[in-house]
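J.: Build me a model from this:
(4 chains)
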Amino acid sequence: MPEIGQNKVISPNEHCLVTMPSGSLRIVQLKPGGTINLGKFGHFLVDGTFGYAYGQAFEIVADKKVSPIKDLLVDLEDSNDGTPIPEVKSSANNKDLTDIGQKIQKLTTQDIENMKKEGEGNQVARQIIEKMIQSHEAFEKKTVFSQEKYLTRKQKKFARRFQIDRLSSSALLNYYYHEKDPQRVLDLSEETLGSMMSHANIMPGGNYLVLDETGGLLVYALLERMQGQGSIIWLHENDQPNTWILKQSGYTDAELDRFLRPISFLEFFEPDEDTGKVFKFTDKEVEEMPPQRRNMYAKRLARAEKLRQTLEMVANQDLDAVVSVSTLNPATLIPRVLEALSGSRPVVAYHQYKEMLIELDHVLQKDKRVIMTNISETKVRRYQTVPGKLHPLMTSRAGGGYVFHGLRVLPAEGVQAVGRGKKRKSGDESAAS
Amino acid sequence: MPEIGQNKVISPNEHCLVTMPSGSLRIVQLKPGGTINLGKFGHFLVDGTFGYAYGQAFEIVADKKVSPIKDLLVDLEDSNDGTPIPEVKSSANNKDLTDIGQKIQKLTTQDIENMKKEGEGNQVARQIIEKMIQSHEAFEKKTVFSQEKYLTRKQKKFARRFQIDRLSSSALLNYYYHEKDPQRVLDLSEETLGSMMSHANIMPGGNYLVLDETGGLLVYALLERMQGQGSIIWLHENDQPNTWILKQSGYTDAELDRFLRPISFLEFFEPDEDTGKVFKFTDKEVEEMPPQRRNMYAKRLARAEKLRQTLEMVANQDLDAVVSVSTLNPATLIPRVLEALSGSRPVVAYHQYKEMLIELDHVLQKDKRVIMTNISETKVRRYQTVPGKLHPLMTSRAGGGYVFHGLRVLPAEGVQAVGRGKKRKSGDESAAS
Amino acid sequence: MFQHKKTIAEGDLVLAYIGRDNLKPITVKSGDVLQTKYGNFPHTDMIGKPFGSQVTSAKNVGFIYLLLPTPELWTISLPHRTQIVYTHDSSYIVQRMNVVGGSRVIEAGTGSGSFTHAFSRTVGPAGRVFSYEFHEQRYLQAKEEFESHKLENVTLTHRDVCNEGFDIDTEIRAQMVFLDLPSPWEAIPHLSRVVAKDQTVGICCFSPCIEQVVKAVEALQDCGWTAIEMTEVQAKKWEARKEMVRELDDAIERLRDVKRRQKEGAELKKLPPKRDADGNEKDRGYNPFGKGRRIAEGDESFQWQNVSKTGPELKTHTSYLLFARLVPVLGAEV
Amino acid sequence: MFQHKKTIAEGDLVLAYIGRDNLKPITVKSGDVLQTKYGNFPHTDMIGKPFGSQVTSAKNVGFIYLLLPTPELWTISLPHRTQIVYTHDSSYIVQRMNVVGGSRVIEAGTGSGSFTHAFSRTVGPAGRVFSYEFHEQRYLQAKEEFESHKLENVTLTHRDVCNEGFDIDTEIRAQMVFLDLPSPWEAIPHLSRVVAKDQTVGICCFSPCIEQVVKAVEALQDCGWTAIEMTEVQAKKWEARKEMVRELDDAIERLRDVKRRQKEGAELKKLPPKRDADGNEKDRGYNPFGKGRRIAEGDESFQWQNVSKTGPELKTHTSYLLFARLVPVLGAEV
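T.: Numbers count the residues shown, from 1 in each chain, chains lettered A, B, ... in the order given. Model (predicted):
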């Protein structure tokens, strides 16, 4: 079985990301025979998209059918797919253009609604835009530049197009970060997630200790990188980890059970004779159980065995990194999990607010078990990438969070820094002489 | 008299900023008949620079004399002033270039030193660079791009050129921020200073309350904007304000006495019958004083009268802004000076660390006397502005600080916000309904 | 002209603070009434009040503040006719070009006039701002605004400077030039006629796109400008907030409490929360972070950390700022 | 190949941590000795120790840590032969292009090989990295390094891809392409032969100058790539510090104290500070901020505020990242 999210072509029953011309995003499951409703961007029959590569853009044609197109927002000038600029004049500058907003475009909302009802496909969008231009008194007074801007804006509003992308961890994150409430992923941005994956040295085959209060977004990213190799110990503060985001992305309980090792704070920090204890029935008793009960009993035993193994990994310091996206005070949380890590392993903790990581840095600068501490801020700046009109986007979503990272080391007993009493610059824990 | 720093041409006895080809800065006083030593960039006779516009670049020719040039770092290709690329070949790429650093260039440090001694003017620089190229084994293997880069680097190192700029507040600040220790101006950057001047609504004719722990850089900027109109009340925590930066910039004690109204914390916060008290002699006694003593007595009286006026301005709430660059805790400092301001006047406080301004913002969000609070961060990004090779500078000085600003208002007595108990977004103090 | 006025008088421009981003400019006129969603405010009541006063509405249902206009406040309140120059850009341009009391400045185009106000304030009564706008409607609106705001040191001209240059009847002798034009390279060659000849002149071209900057650089080079440097100002606004500090030990203690209760057979956590007669929650077990309750930021029953955050959206670009200067050829005079 | 190893063995690559920005790569060999300014460290003593161990020098004058190489640590320690790709760029590129275990990646040029290491780690044993370097000396150095680091999933080729394309004996079918070349537009047309045909392929061009980006955009458009977007990553590193909190009341009290003493005629402040037999200061009057004393950050006699600061210099630019993708023309199959 290919891992979740690694199919190359659009395939039945998968969860995927749909992008609309306006930039709006949706997560949908592609149920064979189904119809997907994109609101003002139209409806389409799912089956027509199967077999195309993930990343393909489509236009809705008649009868909710789709036809592949080159690009969701193909340039107006140089494509047959775009809405061509009708044969109208343009002005050298906007000098004679009067700013009176909506009034200048004489098509009423009712007119547009009526046109929308008449047709389903993208053809309608073209008709609407052409009508709008014809009824736009000042269109000829605009510069070519302004005309293009106007058309692109209208196209983003009316074009019946969409694009289907694989539900990568970036796609899933961007959906929450840009489309839904970023607070649901604690304001974590794509670039910050990428930075965490690198600093935590995530790769197939590792054993990672994870705290994840995003409902599993972080875990989803680790699973994607690891491709089924290695294990994730998910440390959580309730009966079981909150996996709402993982489930939306298509993972079943069985798959999650296979890849993950959940462990509660109590089990992790205070394992005792009760931890993971299951009452043992005799073989005879088990044989006599009704099948459903026997099944449940087997599951409980398996879970207990898994927990035992997990505790052993922790006790053996077998873990390869701790990666945390948690709202708990990192200054008290992180020092308590360090002992589970092998030597020379990354310690990576995210927080939405830098101020919450400063105390952690102070604490670990003093704790001899972590060196090379830092708080990173990573922010991507996007550009309008149109030759001749190249500039950074005027506005962007703020935030994205901060990442503390350091390296777990094994201090030698009795080693004492032979400091010279002078204050070290930049809090550096460089080797003393 | 034109105000300090507002002369248009390079003039005798003024303090000015000298920029060297390497980008290094110096503040010097232009004493007629003097010689200025720029170290490896040569010596020059001051008199030759008088009468040129501030902003002029010069090249040192024979006998420490100077000759005006178009630009300090004139482009290599398109100028007679620059060092031309000698007639050598270049390569399409650096493919065959071996990286062995210094060794490849066979001129020894001793060779170069000898050449330097032979001549004084920029001619020497040209000779050195030409010799270096001739003795550079791999120069022909470099691309034209790499060759140019090499020449520019060498030119920055050897060219005997400099530029004289007026000592504007930006020039003075940049000298400390980029050349000397930025901590001496508490890490305040030019852009942050500009932001403070605007938010504090500085203009000719205002009466401003200033805290300035930079030795007067902030005061210098205000003086420059105000052009002798209005007054600056300088609130300080010692016997008298520390004016080391102001004095370096050419202001005399008499001028400072004319423009400034210093007042200590004790005089400002706890004026009592002792404040500014001067023992009054009778007219007869004064007449009988020796001239020096009489003079001193007159000064003390004048100072006392000035302090009395200052206290009156404070008591009358006549002040038009408070502008602070101080290391004192702003959360306790700023609320205590608010009463000196008129209504609808800016409150502007700088700190190197944002964390130090957060508590201030919290305190003033609750204090009904200040609205529209904000903490601003302003950072300029510079580009290598060479057509065809346009990109942001690879590294820049970090820091630059943060500015709190808000607006002093006069709360009506008995007015109560009829809040609906629901939490307001973004801590906004919007008018309640 | 901007000034430091203390008391509101008939005919004054007042910015009524209605909300943080909602400043309404009004010209005080006895008998007029300002109507807001927070009630009505008769102008007559404003006269004689100090600027900055908080005033309550006629029916005492809300309040506003009466603010003294500054260019920065005006920038928040003004009607946007074009993309405006924000304070983080204008303040840097003014500081870097060394615009001070008495300076003579060229600005083209006027646009929404926000920067004109800042220039006018800074150059003061002894200085002068020459502002040009080619779009007639915008020109007329700006003219009316500048007159009503008494910007007496501003000379506004309706002109396409790219084609017609900057010359007017008055002598200009500009010391600083600010060009906010779609094609600054067409205007640059006209500048030599109107800038000061006896000193170094500064220029700043304000262009959103890289390609405009590249063309402007070439025009500046052709016209003898030097020290050409492109920059951009990146600005952020932060506000103070508090974040609850959730301690690990509290989280563990909560789990211990749940376990204890489970052992006791109570399994309280599976029951819906009980409420007493007042609707207050009763016994959710150990509840260290107020889980399930609505907590006010800073509630003293909990522990808080001061933090700062920006709004949800940042201005990540306005325009590139291209600086240069023109050094006159003067002879040595001493 | 990077792995999660616990114990150091003969022949292992170890990064010796000497100081924060001073990691020295060594290949452990019995009998060899690592010499540092903090003393000598025999390799023999390292064998059998866990990675991450702190070890003291032979004469116990200092210590080092023995670190397990990761691409991120290697990036700090590697010899810079060219401008390298830093972690803030490489981590974003990997995340955005969705490079994961099993991915097939093209990289040209190899440069100092820092990004090759990160790709190699991320694609793991089931993936493959095809790296190209045109500069012979750099190629040879990288080859030696990759062999010594056992990057078995990397195929390194000495080749000028701009002229000669990417084809090699093995089938490539790259899913992601990373171009760090002076003229990527010359390499882009060669890509169609070597990228995967059955899926959407991602590309990132890494170019320092705007003009390079503009040319690359055109080449990508010509070759059918879509969703072209230029970005840049802006990164900062902060470290935790403490700043003394100086209260206004303390400053006032100090002035009061001075005044009191002046009145008493003592004028102590004018005298040089007195020292007792131990050299400690005596009686400077009320001294709330330790003025004139050397104070250690966090000294408990004073009040402190947690703050964060960056180093004195920031990396403000590395390169622009230009992303695009190539969607294959596939027929509907269901």
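J.: going forward, measure contacts between C-alpha atoms and count neighbours the same way
T.: Fine.
J.: Nearest the geometric middle of chain A, what residue?
T.: Centroid-nearest residue in chain A: A:L173, 1.5 Å away (criterion: C-alpha atoms, centre = their mean).
J.: mind checking pLDDT for that one?
T.: In this prediction, A:L173 carries a pLDDT score of 97.
J.: Then C:V327?
T.: C:V327 is given a pLDDT of 96.
J.: Quick one: residues contacting the residue nearest to the centre of chain A.
T.: A:L173 is in contact with A:V185, A:S189, A:E190, A:L217, counting by C-alpha atoms under 8 Å, 6 or more residues apart in numbering or on different chains.
J.: from memory the second one sits against A:H178, does it?
T.: No: proximity of A:S189 to A:H178 does not meet the contact threshold set by C-alpha atoms under 8 Å, at 9.2 Å.
J.: which one of the two has more residues nearby?
T.: Using other C-alpha atoms under 10 Å in any protein chain shown as the criterion, A:S189 and A:H178 rank with A:S189 on top: 27 against 16.
J.: Phi, psi for the residue nearest to that one when sequence neighbours are not counted please.
T.: Closest residue to A:S189 apart from its sequence neighbours, by C-alpha to C-alpha, 6 or more residues apart in numbering or on different chains: A:G400 at 4.4 Å. With angles defined as degrees, to the nearest 10, A:G400 sits at phi 120, psi -20.
J.: Against chain D, how distant is A:G400?
T.: As defined by C-alpha to the nearest C-alpha, to the nearest Å, A:G400 lies at a distance of 12 Å from chain D.
J.: May I have the predicted confidence score for that residue?
T.: 96.
J.: about what we covered before: next structured bit after the helix or strand harbouring the residue nearest to the centre of chain A?
T.: Using DSSP states H and E, A:L173 maps to helix A:169-174. On the C-terminal side of helix A:169-174, the closest following helix or strand by DSSP H and E is helix A:190-199.
J.: Now do the contacts for the residue nearest to A:S189.
T.: Counted by C-alpha under 8 Å, 6+ apart, A:G400 has contacts A:D187, A:L188, A:S189, A:E190, A:E191, A:T192, A:Q352, A:T378, A:K379.
J.: In JSON lines, list these along with pLDDT.
T.: Listed next are the contacts of A:G400 as JSON lines, based on pLDDT from 0 to 100:
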{"residue": "A:D187", "pLDDT": "97"}
{"residue": "A:L188", "pLDDT": "98"}
{"residue": "A:S189", "pLDDT": "98"}
{"residue": "A:E190", "pLDDT": "98"}
{"residue": "A:E191", "pLDDT": "98"}
{"residue": "A:T192", "pLDDT": "98"}
{"residue": "A:Q352", "pLDDT": "97"}
{"residue": "A:T378", "pLDDT": "97"}
{"residue": "A:K379", "pLDDT": "96"}
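J.: Give the PyMOL command for selecting the buried subset of those residues.
T.: Here is the PyMOL command that picks out the buried ones among those, judged by 16 or more other C-alpha atoms under 10 Å in any protein chain shown:
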select buried, chain A and resi 187+188+189+190+191+192+352+378+379
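J.: and of the contacts of A:G400, the nearest to D:T157?
T.: For those, the residue nearest D:T157 by C-alpha to C-alpha is A:E191; the value is 30.5 Å.
J.: Could you list the low-pLDDT ranges of chain C?
T.: C:1, C:266-284, C:331-334 (pLDDT under 70).
J.: Report how many residues lie close to A:K277.
T.: The burial count for A:K277: 15, using other C-alpha under 10 Å.
J.: Please apply the same query to A:N13.
T.: 12.
J.: Next: C:H80.
T.: 13.
J.: For A:H391, see how far away it is.
T.: 21 Å (C-alpha to C-alpha, to the nearest Å).
J.: Near chain C, which residues of the stretch 151-300 of chain A are found?
T.: By C-alpha under 8 Å from any C-alpha of the partner chain, the residues of the stretch 151-300 of chain A that approach chain C are A:E237, A:N238, A:F265, A:L266.
J.: Those residues: which two are farthest apart?
T.: A:N238 and A:L266 (9.1 Å).
J.: Between these two, which is the more surrounded one?
T.: A:L266 (22 against 16).
J.: Name the helix or strand for that one, please.
T.: helix A:265-269.
J.: looking only at pLDDT, what's the mean for that helix?
T.: pLDDT averaged over helix A:265-269 gives 95.
J.: Check whether C:W238 sits in a helix, strand or coil.
T.: strand (DSSP: H, G, I helix; E, B strand; the rest coil).
J.: give me the number of residues near it?
T.: 22.
J.: So it sits against B:T378, correct?
T.: No: using C-alpha under 8 Å, C:W238 makes no contact with B:T378, being 11.2 Å away.
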